[in-house]
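Q: using only what follows, build the 3D model:
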Amino acid sequence: MMGFMKTRMIGLLIFTFVSLLSCGEFNYSPYAVSVDSSNLNGKNLVKLLKSAKASAKSNSFKFIVISDTHDYYDGLNSQIEFINNHHGEYDFVIITGDMTNVGLASEFEEVKRRLKRLKVPYLTTSGNHDLLIDGEKIYKKIFGDDTYSFEYKNTKFILYNNNNWESSSKTPDLAWLEHELLSNSHENLIVLSHVAPNDSDRFTKSEIQYLEELVNRYRVDYYINGHNHNPGESVFGKAKHLTAGASNKEVLLELTVGSFGMSHAFINL
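A: Residues are numbered from 1 along each chain as shown. Take a look at the predicted model:
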């Protein structure tokens with residue numbers, strides 16, 4: 001009899017546990033930071049630099065910039081499909097932030113799952129929406145640094161976080177930026193961030209002026225950003241200033257680097 005009661009009690013405990021699971025009592029919070037530490041920026045950069053060595057005979061290349069994918073998944077899918085259909089033309093893709101709406105792990109995972117289909121390496125920096133709630137921690141675990149530089153063939157690329165309202169640390173780090181600009185020894189120089197360098201809502205007049213002085217002093221060729229969802233082009237100081245545009249605009253920003261210099265084009269999908 002005692003054996004029967006013990007067996008019944010164990011059965012009831014198992015049933016209760018399974019019932020709790022089925023009722024969703026153990027669901028993760030949508031604000032959880034429990035994502036894999038992937039360092040995708042670092043891993044993709046290694047792939048990219050290996051490919052640069054393999055094609056060292058030529059300094060010519062093309063790359064794509066997209067931004068503000070948010071939850072515009074149809075637009076992002078169209079961008080990925082175009083890039084994959086022409087992947088022999090492009091060496092890599094850069095995403096200038098706002099891959100999410102409010103920095104949730106589920107949002108990052110949705111975009112990451114789609115970007116995994118790309119047939120070329122991709123690199124990112126953070127956008128202001130990516131840093132909301134616990135997005136700063138989640139971004140770092142998935143992608144790694146959002147402020148870094150790399151040299152590809154005859155061009156230096158500088159990506160940096162300039163989301164000054166949302167970042168937990170002093171942002172932008174202009175001392176770091178100037179050091180990277182000063183150490184450039186390459187023919188071409190491209191700077192990318194999420195927010196436009198002349199955003200008068202976020203930056204003071206003196207901050208904008210100082211950044212413009214840096215751009216001119218170190219002869220930045222292109223300054224590229226996202227944030228403003230409409231694609232556009234203008235100048236910032238002596239640099240060409242481009243806004244990539246959001247994924248729902250179904251446009252790609254293509255840049256071509258060659259022996260003749262650099263050029264750009266907006267490709268409508």
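Q: show me where the stretch 101-250 of the chain has strands.
A: With strands called from DSSP state E, counting those that start in this stretch, the stretch 101-250 of the chain shows them at 122-124, 148-152, 155-159, 188-192, 222-225, 232-236, 239-243.
Q: let me have the ones you listed in JSON lines, adding mean pLDDT and distance to S106 as columns.
A: In this view, the C-beta of every residue, glycine as well, is placed from N, C-alpha and C. Listed next are these as JSON lines, based on pLDDT from 0 to 100; distance: least, CB to CB, whole Å:
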{"stretch": "strand 122-124", "mean pLDDT": "98", "distance to S106": "18"}
{"stretch": "strand 148-152", "mean pLDDT": "97", "distance to S106": "26"}
{"stretch": "strand 155-159", "mean pLDDT": "98", "distance to S106": "25"}
{"stretch": "strand 188-192", "mean pLDDT": "98", "distance to S106": "26"}
{"stretch": "strand 222-225", "mean pLDDT": "98", "distance to S106": "26"}
{"stretch": "strand 232-236", "mean pLDDT": "98", "distance to S106": "31"}
{"stretch": "strand 239-243", "mean pLDDT": "98", "distance to S106": "28"}
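Q: can you add mean neighbour count and give the ones you listed back as JSON lines?
A: Converted to JSON lines, these look like this (neighbours: other CB atoms under 10 Å):
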{"stretch": "strand 122-124", "mean neighbour count": "25"}
{"stretch": "strand 148-152", "mean neighbour count": "17"}
{"stretch": "strand 155-159", "mean neighbour count": "22"}
{"stretch": "strand 188-192", "mean neighbour count": "24"}
{"stretch": "strand 222-225", "mean neighbour count": "25"}
{"stretch": "strand 232-236", "mean neighbour count": "14"}
{"stretch": "strand 239-243", "mean neighbour count": "21"}
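Q: which of these sits closest to L104?
A: The minimum distance between L104 and the strands of the stretch 101-250 of the chain falls on strand 122-124, with 16.5 Å, by CB to CB.
Q: what residues does the closest one touch?
A: The contact list for strand 122-124, computed with CB atoms under 8 Å, 6 or more residues apart in numbering, reads 40-41, 44-45, 48, 92-97, 99, 115, 143, 146, 150, 159.
Q: do that again at 7 Å, thanks
A: Contact partners of strand 122-124, identified using CB atoms under 7 Å, 6 or more residues apart in numbering, comprise N41, N44, L45, F92, V93, I94, I95, L115, F143, L159.
Q: now H227, nearest residue through space, not along the chain?
A: Distance criterion CB to CB, 6 or more residues apart in numbering; nearest residue to H227, sequence neighbours excluded, is V195 at 4.9 Å.
Q: which residues touch the one you found?
A: In this structure, V195 makes contact with N128, N162, N163, R202, N225, H227, judged by CB under 7 Å, 6+ apart.
Q: how many neighbours does S259 have?
A: By other CB atoms under 10 Å, the residues close to S259 number 9.
Q: repeat that for the one 4 residues further on.
A: Burial of S263, expressed as a neighbour count using other CB under 10 Å, amounts to 12.
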